[in-house]
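Student: Kindly return the folded structure for what I paste below:
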Amino acid sequence: MDILLVASAFNSLSQRVYAELSDEGHRVDVVLASHGAEAIRTAVHETRPELIIAPMLKTALPEDIWREHTCLVVHPGPPGDRGPSSLDWAIAEGASQWGVTVLQAEAAMDAGAVWAAEPFPVPPVGKSNLYRGEVSDAASAAVRQAVRRYADGSFKPQPQSDPAIRVVWRDFFRREQRSIDWENDTTETVLCKLRGADSQPGVLDELCGQEVFLHGGHLEDRLHGRPGELLATRAGAVCRATRDGAVWISELRPRKASGDPAPFRRPAASVLASFPAPSLPEIAAPLELPSGRMTWSDIRYRQHGDVGFLRFSFPGGAMSTGHCRRLLAAYRYALTRHTSLLVLGGTRDFFSNGIHLNVIEAASDPAGESWSNLNALDDLVEAVLRTTDRMVVAALGGNAAAGGVMLALAADQVWCRTGTVLNPHYRRMGLYGSEFWTYTLPRRVGTETAQRLTTEALPVSAASAARIGLVDRLVEVPPQGFTAEVERLAAELAGDPDLPQRIAAKAAARQADEARQPLAEYRRDELARMRAIFFDPQAPYHALRSAFVRKLPNGESRPLAPTDAPGAGDAR
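Tutor: Alright, predicted model coming up:
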């Protein structure tokens, strides 16, 4: 079937729908609604779709389009739910179950007949994490069911006038409803508000006399202070006291009207550094967190028997120079432990999206910071590639892109949750790429497929990744079950009597590859290409990076076709 996707942005859900419908044999085209009604009309005229699907839409479809064509809209709420802030209300009201509905577009918002619906549980995670996990799974299942029903031709969608559907209109979730009362709100209330506003729009607050949006919220179990008081920093985050405890806030975003030259999200401590803020102690968390501790840490190591687990979770999957260096130090620590298997990742949501474009954009010398960040990530990837005394597994519970994919490919095995989307390319950010991709990608998929993946710049579904050899094992579990299932699979692999022979074979293969072409040569050649880009002020990378970070329109300058879909950075 010929299908046209209309999306306000080619975000993670739009990419997943595109990739999975393509996997099922449909011809899928994409147009951005942000380019205006005329762009949508042109795309419809040129592609002549049998069906139009809007997986993520912030504006209404043109009336002439939905009257003349069957248009299905994905709404992140159960049947009968209407309004622009469905997930915000679900989190604010503490819903344990929610749903996704695929409905037919009509004049009234979210009022069309229901083609498919899928429920999902609501765990205590941030809204964006929920969206990329449970919402994405439910939306994917509902869209594919709706497409099958439409193709069958006999299905009659359920009108919302049906008494079985309870219609509830939920207004736009206002800024004042997100506001935190530090004197009176409990820690749990503060965390709920922060989770409901993550990653957009954030919670507007005041710190050191400056208005900022707060992003990310994590429980602290020991530090206390006066409500609203800043207590400490840790790995770029800042700890703030509540009425009955404290929370860690990972990122801040200055208001655009504040005059801040970098009014976009970045590590909280770096934003505070530009304010007349009090000096705060840096309180590190132990890499191996004692049992019973609930404090936040973005990198943790745990060992169970012969298996080591090095878990990391960075906001948006972006890895700054500091992130990379701390993760490398943790990796080196893990190598000192007596294990036969080391698992990298293993948490829900993003694995990694490569270098941290926001931190780079905010730097006084973006070219120099790009270079430092890339070398730090290369150091980490090289350490994984040179590990020959144990098996290394990369466990991807969520999406990965660009250098993040190549970090995973440095491992011996890649385990990937079904529903994950990979973007193994750099082209949409104007980059050649590094992280030893010229070694690891062809090694896995062959030279021809590696060339296609990096030049077409299309999202790859987990199923397709497994089919072409990019992924070794698909883990078919919901997001909340991924960590436990990875632990079970790791214990199974560690108990394999053939594991010592596999480790020996891995060491021999690395030695043979090194004799053919040393890793140093791959790194030198890739970095030479990247350095030329970073330090050329006219290179497209600088404008593309700035447009992406600042959400400017020039990063998406024309309608999208399958061979012109954003990747890497847009996957964040």
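
Student: only C-alpha atoms for contact and neighbour calcs from this point on.
Tutor: Noted.

Student: quick one, strands of the stretch 301-450 of the chain?
Tutor: 307-312, 341-348, 391-397, 400-401, 413-417, 421-423 (DSSP state E, counting those that start in this stretch).

Student: Give me the sheet partners of the fifth one and which way each runs.
Tutor: Listed by DSSP bridges, the sheet partners of strand 413-417 and their directions read strand 391-397 (parallel), strand 473-475 (parallel).

Student: so the helix or strand that the shortest one is followed by versus strand 413-417, what angle?
Tutor: Same thing as strand 473-475. Sequence-wise, the next helix or strand downstream of strand 473-475 (DSSP states H and E) is helix 482-494. Comparing the axes of helix 482-494 and strand 413-417 via axes from the mean of the first three to the mean of the last three Cα atoms, to 10 degrees yields an angle of 150 degrees.

Student: Helix 482-494: what's the following helix or strand?
Tutor: Helix 482-494 is succeeded, C-terminally, by helix 499-516 (DSSP H and E).

Student: Just the buried residues of stretch 174-188, please?
Tutor: Neighbour counts using 16 or more other Cα atoms under 10 Å place 178, 180, 182, 186-187 of stretch 174-188 among the buried residues.

Student: whoops, stretch 476-490 was the one
Tutor: Buried residues in stretch 476-490, defined by neighbour count with 16+ other Cα under 10 Å: 477-480, 482-483, 485-487, 490.

Student: So which residues make contact with it?
Tutor: 123, 133-134, 137, 307, 341, 343, 346-349, 395, 397, 417-418, 475 (Cα atoms under 8 Å, 6 or more residues apart in numbering).

Student: List just the nearest of those to residue 431.
Tutor: residue 349 (24.9 Å; Cα to Cα).

Student: Against residue 420, how distant is the closest one?
Tutor: Distance from residue 349 to residue 420, counting by Cα to Cα, to the nearest Å: 9 Å.

Student: Show me where the stretch 51-200 of the chain has its strands.
Tutor: Using DSSP E, counting those that start in this stretch, strands in the stretch 51-200 of the chain cover 51-56, 71-75, 81-82, 97-104, 114-121, 168-169.

Student: need those strands in CSV with distance to residue 407 and mean pLDDT, can you?
Tutor: As requested, the strands of the stretch 51-200 of the chain are exported to CSV (distance: least, Cα to Cα, whole Å; pLDDT from 0 to 100):
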stretch, distance to residue 407, mean pLDDT
strand 51-56, 29, 98
strand 71-75, 33, 98
strand 81-82, 41, 98
strand 97-104, 33, 98
strand 114-121, 31, 98
strand 168-169, 45, 97
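
Student: Which one, of the strands of the stretch 301-450 of the chain, ends up nearest to residue 1?
Tutor: Of all the strands of the stretch 301-450 of the chain, it is strand 421-423 that lies closest to residue 1, at 22.2 Å by Cα to Cα.

Student: ok, back up a step: nearest to residue 244, of the strands paired with strand 413-417?
Tutor: Set against residue 244 and scored by Cα to Cα, those come closest in strand 391-397, at 33.0 Å.

Student: and the closest one with helix 499-516, angle?
Tutor: 90 degrees.

Student: what comes into contact with strand 391-397?
Tutor: Contacts for strand 391-397 (Cα under 8 Å, 6+ apart): 340-351, 384, 408-409, 411-417, 420, 479, 482-483, 486, 503.

Student: Please state the offset of it from the chain centre?
Tutor: In this view, strand 391-397 has its centroid 17 Å away from the chain centroid, taken as Cα atoms, centre = their mean, to the nearest Å.

Student: same deal with stretch 233-240?
Tutor: 22 Å.

Student: sorry, back to before: could the strands of the stretch 51-200 of the chain be laid out in TSV, adding distance to residue 39 and mean neighbour count?
Tutor: Formatted as TSV, these follow (distance: least, Cα to Cα, whole Å; neighbours: other Cα atoms under 10 Å):
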stretch	distance to residue 39	mean neighbour count
strand 51-56	14	25
strand 71-75	16	26
strand 81-82	27	22
strand 97-104	21	25
strand 114-121	26	22
strand 168-169	31	12
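
Student: Can you report how many residues lie near the closest residue to residue 283 other than its chain neighbours?
Tutor: Nearest residue to residue 283 in three dimensions, chain neighbours excluded: residue 234, at 5.6 Å (Cα to Cα, 6 or more residues apart in numbering). Residue 234 has 21 neighbouring residues, counting by other Cα atoms under 10 Å.

Student: how about the helices in the stretch 101-250 of the chain?
Tutor: 127-130, 136-152, 175-178, 187-196 (DSSP state H, counting those that start in this stretch).

Student: between the ones you listed, which one is nearest to residue 106?
Tutor: Proximity to residue 106 (Cα to Cα) singles out helix 136-152 among the helices of the stretch 101-250 of the chain, at 16.7 Å.

Student: The closest one to strand 114-121, inter-axis angle?
Tutor: Relative orientation of helix 136-152 versus strand 114-121 (the same axes, to 10 degrees): 160 degrees.

Student: what residues does helix 136-152 touch?
Tutor: 1, 13, 16-17, 21, 74, 76, 99-102, 115-120, 155, 419, 478.

Student: How many residues are close by the closest residue to residue 250 other than its chain neighbours?
Tutor: Sequence neighbours aside, residue 237 is the residue nearest to residue 250 in space, at 4.2 Å (criterion: Cα to Cα, 6+ apart). Using other Cα under 10 Å, the number of residues around residue 237 comes to 26.

Student: next one: the one 3 residues further on
Tutor: When neighbours are counted by other Cα under 10 Å, residue 240 registers 23.

Student: What's the separation between the residue nearest to it when sequence neighbours are not counted and residue 98?
Tutor: Leaving aside its chain neighbours, residue 240 sits nearest to residue 230 (4.5 Å; criterion: Cα to Cα, 6+ apart). Distance of residue 230 to residue 98, given as Cα to Cα: 35 Å.

Student: Residue 253 reaches residue 260, doesn't it?
Tutor: No. Residue 253 lies out of contact with residue 260 (Cα atoms under 8 Å); the separation is 9.6 Å.

Student: returning to that earlier point: please identify which of the strands of the stretch 301-450 of the chain is closest to residue 536.
Tutor: Closest among the strands of the stretch 301-450 of the chain, using Cα to Cα: strand 400-401, at 23.9 Å.

Student: what distance separates that closest one from the centre of its chain?
Tutor: On the basis of Cα atoms, centre = their mean, strand 400-401 sits 8 Å off its chain's mean C-alpha point.

Student: just for the chain, where's the confidence low?
Tutor: The chain contains residues with pLDDT under 70 at 554-572.

Student: Tell me the residue in it that is farthest from the middle.
Tutor: The centre of the chain is farthest from one residue, residue 163, which by Cα atoms, centre = their mean lies 38.6 Å away.

Student: Fine by me, thanks again.
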